[in-house]
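**Student:** this one's structure only:
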């Protein structure tokens, strides 16, 4: 299959100029809308002159939409829901071109995953499986439209409202290529467990699979009981690094990832050279970043912030909070709750010099222990790994006992351990890797850690019982989710 023309955007020489042109076009449209006026957009606006924004600025327009608030006719918008992993679930209105851009980025992701450094190894008939959030969550909406797309002259003419003719020709090629793949399931609206069953029934013919690590390790692999050879395993689960060797043992490949959200659609394409690395698709989103010492809440209305870093100024080894401006929706300098670490300045397999990022954590999804230290998910995973502990899954929260802060770790081990044994091992490991934790323990003369063991199967049963797309927040999980985990644990022990 000749797919190189669809990846030529990677080698575009005029990316800054093309992005500037797209921003100008967006700002011309946005300046005439109520949302644009609320932000302060004028036709001649430069992106750096605008404030940072987040959901509170847009929410009233999404909840009570009127035509004067939006860039396009309201009939071109779809209601979409976030998963609510940062708190309360939120509704968005996303326009057709955001969905089209998401499909284009998804195709680029599929092709990038097939690169061996010399060619794209994709072939006609590839079977691509995903177990993602169902509609009205945006991932499910986008998947369903992508796999059911039926190109027509009328649909292509509609796209003239949003794109230049050259881009429409590229999108037409993209749609034809999608028809050469097999997608499972065709409808992400089917129940989660049914999607698990679909994979198990078809695993021998699936080439690319996307699901959570927990789904693979706790629900799929135990039922299949043999290697599951894949061309690529894709997950947005941050624990994939911890389980990377186990995933390789099961699937024959190290895990890869993409980045997408309800706000931006898919805009992060996997790096074939760097496991769990992504680069941003310059055609869909203008990316800026807040450095680690300038992270801000994603619940602001408007905030002027001078220390925003453009994509070409990020440094390897530094962590950044994403600020996204979509080219084809109203969201502008939108503060995302996501933190990335820059891990490289290029991908040798694709022969590109785009910055490569690894998703690090949700901003502010951390546990502060008496202001001595801040513990995040990766710190916990690193401590468990350094302690050489076999673990199936965990969740953690802050618990205060007799006025003293504790990191409470609810852990399902992969082997038989005693709670005191794990407490000692993980405490020592945290002391080794986190100076603030060590100083707190020494200064206050206590162990700021609790370990609560959950029986085998707790997290897999949790996934089965959750409605919609099961999602486990590993740091400061919701009370109702923790209560469900503990209830399941009691049932399994009885």
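**Tutor:** Now that the structure is in, tell me what you want to look at. Because the structure is predicted, anything quoted here is derived from the model rather than measured.
**Student:** going by C-alpha atoms from here, please, whenever you check contacts or count neighbours.
**Tutor:** OK.
**Student:** now the helices for the stretch 1-150 of the chain?
**Tutor:** According to DSSP state H, counting those that start in this stretch, the stretch 1-150 of the chain carries its helices in the segments 15-30, 34-39, 55-63, 96-113, 138-148.
**Student:** what angle do helix 138-148 and the fourth one make with each other?
**Tutor:** For helix 96-113 against helix 138-148, the angle by axes from the mean of the first three to the mean of the last three Cα atoms, to 10 degrees is 80 degrees.
**Student:** what's helix 96-113 packed up against?
**Tutor:** helix 138-148, helix 165-178, strand 265-270 (3 or more Cα pairs under 8 Å, 6 or more residues apart in numbering; DSSP states H and E).
**Student:** which of those has the lowest average pLDDT?
**Tutor:** Least confident of these, judged by mean pLDDT, is helix 165-178 with a mean of 83.
**Student:** in the helix or strand just after that one, what counts as buried?
**Tutor:** On the C-terminal side of helix 165-178, the closest following helix or strand by DSSP states H and E is strand 182-184. Burial within strand 182-184, assessed by neighbour count using 16 or more other Cα atoms under 10 Å, is assigned to 182-184.
**Student:** show residues contacting strand 182-184.
**Tutor:** Contacts of strand 182-184 from elsewhere in the structure, counted by Cα atoms under 8 Å, 6 or more residues apart in numbering, are 125-130, 147, 198-199.
**Student:** out of the helices and strands packed on helix 96-113, deepest packed?
**Tutor:** Comparing the helices and strands packed on helix 96-113 on average neighbours per residue, with mean count of other Cα atoms under 10 Å, the densest one is strand 265-270 at a mean of 27.
**Student:** show me how far that strand is from its chain's centre.
**Tutor:** Counting by Cα atoms, centre = their mean, to the nearest Å, strand 265-270 is centred 9 Å from the centre of its parent chain.
**Student:** what does the next helix or strand along the chain from that strand contact?
**Tutor:** Note on strand 265-270: by DSSP H and E, the next helix or strand toward the C-terminus is strand 277-280. Applying Cα under 8 Å, 6+ apart, the external contacts of strand 277-280 come out as 256-259, 267-271, 287, 343, 354-359.
**Student:** cool, and stretch 162-180?
**Tutor:** 6, 97, 104, 107, 124-126, 146-147, 149-151, 156, 159-160, 328.
**Student:** hmm, try it at 10 Å
**Tutor:** Counting by Cα atoms under 10 Å, 6 or more residues apart in numbering, stretch 162-180 makes contact with 1-3, 5-6, 22, 25-26, 72, 96-97, 100-101, 103-104, 107-108, 123-127, 146-153, 155-160, 328, all of which sit outside it.
**Student:** circling back to that earlier point, which of the contacts of strand 182-184 sits closest to residue 299?
**Tutor:** Proximity of the contacts of strand 182-184 to residue 299 was ranked by Cα to Cα; the top entry is residue 130 with 30.8 Å.
**Student:** which ones are touching residue 342?
**Tutor:** Contact criterion Cα under 10 Å, 6+ apart gives 277-279, 314-320, 355-360 as the residues in contact with residue 342.
**Student:** filter those residues down to the buried ones, PyMOL style.
**Tutor:** What follows is the PyMOL syntax for the buried subset of the contacts of residue 342, where burial is set by 16+ other Cα under 10 Å:
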select buried, resi 277+278+279+314+315+319+320+355+356+357+358+359+360
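**Student:** can I get the contacts of strand 182-184 in CSV with distance to residue 235?
**Tutor:** Compiled in CSV, the contacts of strand 182-184 are given as follows (distance: Cα to Cα, whole Å):
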residue, distance to residue 235
125, 22
126, 18
127, 17
128, 13
129, 12
130, 10
147, 19
198, 18
199, 15
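**Student:** of the residues you listed, which is the most crowded?
**Tutor:** When neighbours are taken as other Cα atoms under 10 Å, the top entry among the contacts of strand 182-184 is residue 129 (24 neighbours).
**Student:** what pairs with that residue across the strands?
**Tutor:** Per DSSP bridges, the residues bridged to residue 129 are residue 184, residue 209.
**Student:** ok, it touching residue 201?
**Tutor:** No. Using Cα atoms under 10 Å, residue 129 is not in contact with residue 201, being 11.8 Å away.
**Student:** residue contacts, residue 267?
**Tutor:** With Cα under 10 Å, 6+ apart as the criterion, the residues that contact residue 267 are 101-106, 108-109, 258-261, 278-287, 324, 326.
**Student:** relative to residue 98, how far out is it?
**Tutor:** When Cα to Cα, to the nearest Å is the yardstick, residue 267 and residue 98 sit 10 Å from each other.
**Student:** equivalent analysis for residue 62, please.
**Tutor:** Relative to residue 98, residue 62 is positioned 16 Å away (Cα to Cα).
**Student:** quick one: which of those two has more around it?
**Tutor:** residue 98 (23 against 18).
**Student:** so what's that one closest to, chain neighbours aside?
**Tutor:** Take residue 98 and drop its neighbours on the chain: the residue closest to it by Cα to Cα, 6 or more residues apart in numbering is residue 328, 6.0 Å away.
**Student:** before we move on, back to that, identify the contacts common to residue 129 and residue 201.
**Tutor:** Taking Cα under 10 Å, 6+ apart as the contact definition, residue 129 and residue 201 share the neighbouring residues residue 195.
**Student:** number of residues surrounding residue 493?
**Tutor:** By the other Cα under 10 Å criterion, the neighbourhood of residue 493 contains 9 residues.
**Student:** if I pick the nearest residue to it once chain neighbours are set aside, what's in contact with it?
**Tutor:** If the residues on either side of it in the chain are set aside, residue 493 comes closest to residue 455, at 6.9 Å by Cα to Cα, 6+ apart. Residue 455 makes contact with 411-414, 416, 486, 488-493, according to Cα under 10 Å, 6+ apart.
**Student:** could you do residue 211 as well?
**Tutor:** Shown in contact with residue 211 (Cα under 10 Å, 6+ apart): 129-133, 196, 233-237.
**Student:** give me the distance between it and residue 128.
**Tutor:** Here the distance between residue 211 and residue 128 works out to 11 Å (Cα to Cα).
**Student:** which parts of the stretch 151-300 of the chain are helices?
**Tutor:** 153-159, 165-178, 192-202, 213-214, 221-224, 244-251.
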